[in-house]
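sequence and predicted structure are below.
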2 protein chains.
Amino acid sequence: MDILRDKNLRVTPFRKEVMEIFLENEHAISIQDIEEALVEFDRITLYRTIKSFTNKGVIHEIVMPGDIRKLALCDRVCDHEEGLHEHNHIHFQCRMCDEVYCVESDELPQVKIPGFIVEEQEIQAKGVCKKCKKPS
Amino acid sequence: MDILRDKNLRVTPFRKEVMEIFLENEHAISIQDIEEALVEFDRITLYRTIKSFTNKGVIHEIVMPGDIRKLALCDRVCDHEEGLHEHNHIHFQCRMCDEVYCVESDELPQVKIPGFIVEEQEIQAKGVCKKCKKPS
DNA sequence: TAACTAAATGCAACAATATTGCATCTACAG
DNA sequence: CTGTAGATGCAATATTGTTGCATTTAGTTA
């Protein structure tokens, strides 16, 4: 739970539970996933916990086409500050298992749009994930 | 209103009004934008209208980081079927005016992820739009 | 280890957003 | 002009997220 302490977030039993859930999953999870994983909890506290985690850069929000909203730990693939996503960080959704993963791309070329100044870009990809490609 | 008729959607006064709003704006609009533009309306009908339009490919939904949900006409930049977005279609949000645009990129290279099969990709960009870059 | 304090929690109440069922109406095909 | 599938509008309800406030607690300091 040093992740929390490092970000100046108090380590409470509830926050530990929530962190466990994130650490157990290697893919991004939804708020519903968290709610289902918790045995007993207060919704308001959960929402505030998520907000704290997001503000401090412990987790980040992922929005995919089709109203899919997920959360994922930040330090897995990036080390962002205040919503900035650098590196070759891509959000990938598998069409077989539907899971969303934060992955790194080999190369991530900068997009150009005539007349527009592009400062940040985020790529969302769909296809088949590593697991579904070659089932264990 | 041939757009609607072509997609086998009945042309009703309400749908005409909604279409007008889409046609008046060259950027994507939110449900709230539509609600504000309508003088008097039934929310349920509006939601159902949006759902019909989306299902038939008249409009498409755009989800941007930060819980930003917008709607835009499809035929402007793409000719998709059932949520498939092909072409060099990019969703761009201006950090000055906050508007979201559907734009085309010069080139849009295919992203590669080791171990994953990438079939589709969508790019969300942020920066400064054409209008804010050089104010009229 | 005891006490303090800012941070976190949990309850109640609320606000905003979206959906379902059903009766009525209407666009448009024949 | 008429029939009917599709669209509308109302009521009721579900889902999702927020605010205020009193209470508790993590982590610091004495």
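That came through fine. None of these values were measured; they are calculated from a predicted model.

ends of stretch A:49-68, what's the gap?
This stretch, stretch A:49-68, spans 20 Å end to end (Cα to Cα, to the nearest Å).

buried stuff in that stretch?
Of all the residues in stretch A:49-68, those buried under the rule 16 or more other Cβ atoms under 10 Å in any protein chain shown are A:49-50, A:52-53, A:56-60, A:62-65, A:68. In this view, the C-beta of every residue, glycine as well, is placed from N, C-alpha and C.

secondary structure and pLDDT for those residues - can I get that in JSON lines?
What follows is the buried residues of stretch A:49-68, written out as JSON lines (DSSP: H, G, I helix; E, B strand; the rest coil; pLDDT from 0 to 100):
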{"residue": "A:T49", "secondary structure": "helix", "pLDDT": "97"}
{"residue": "A:I50", "secondary structure": "helix", "pLDDT": "97"}
{"residue": "A:S52", "secondary structure": "helix", "pLDDT": "96"}
{"residue": "A:F53", "secondary structure": "helix", "pLDDT": "96"}
{"residue": "A:K56", "secondary structure": "coil", "pLDDT": "92"}
{"residue": "A:G57", "secondary structure": "coil", "pLDDT": "91"}
{"residue": "A:V58", "secondary structure": "coil", "pLDDT": "94"}
{"residue": "A:I59", "secondary structure": "strand", "pLDDT": "94"}
{"residue": "A:H60", "secondary structure": "strand", "pLDDT": "93"}
{"residue": "A:I62", "secondary structure": "strand", "pLDDT": "91"}
{"residue": "A:V63", "secondary structure": "strand", "pLDDT": "89"}
{"residue": "A:M64", "secondary structure": "strand", "pLDDT": "87"}
{"residue": "A:P65", "secondary structure": "coil", "pLDDT": "81"}
{"residue": "A:I68", "secondary structure": "strand", "pLDDT": "88"}
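
I'd like these laid out as JSON lines, including distance to A:F22.
JSON lines is the format used below for the buried residues of stretch A:49-68 (distance: Cβ to Cβ, whole Å):
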{"residue": "A:T49", "distance to A:F22": "11"}
{"residue": "A:I50", "distance to A:F22": "10"}
{"residue": "A:S52", "distance to A:F22": "13"}
{"residue": "A:F53", "distance to A:F22": "9"}
{"residue": "A:K56", "distance to A:F22": "14"}
{"residue": "A:G57", "distance to A:F22": "13"}
{"residue": "A:V58", "distance to A:F22": "8"}
{"residue": "A:I59", "distance to A:F22": "7"}
{"residue": "A:H60", "distance to A:F22": "11"}
{"residue": "A:I62", "distance to A:F22": "13"}
{"residue": "A:V63", "distance to A:F22": "18"}
{"residue": "A:M64", "distance to A:F22": "18"}
{"residue": "A:P65", "distance to A:F22": "23"}
{"residue": "A:I68", "distance to A:F22": "17"}
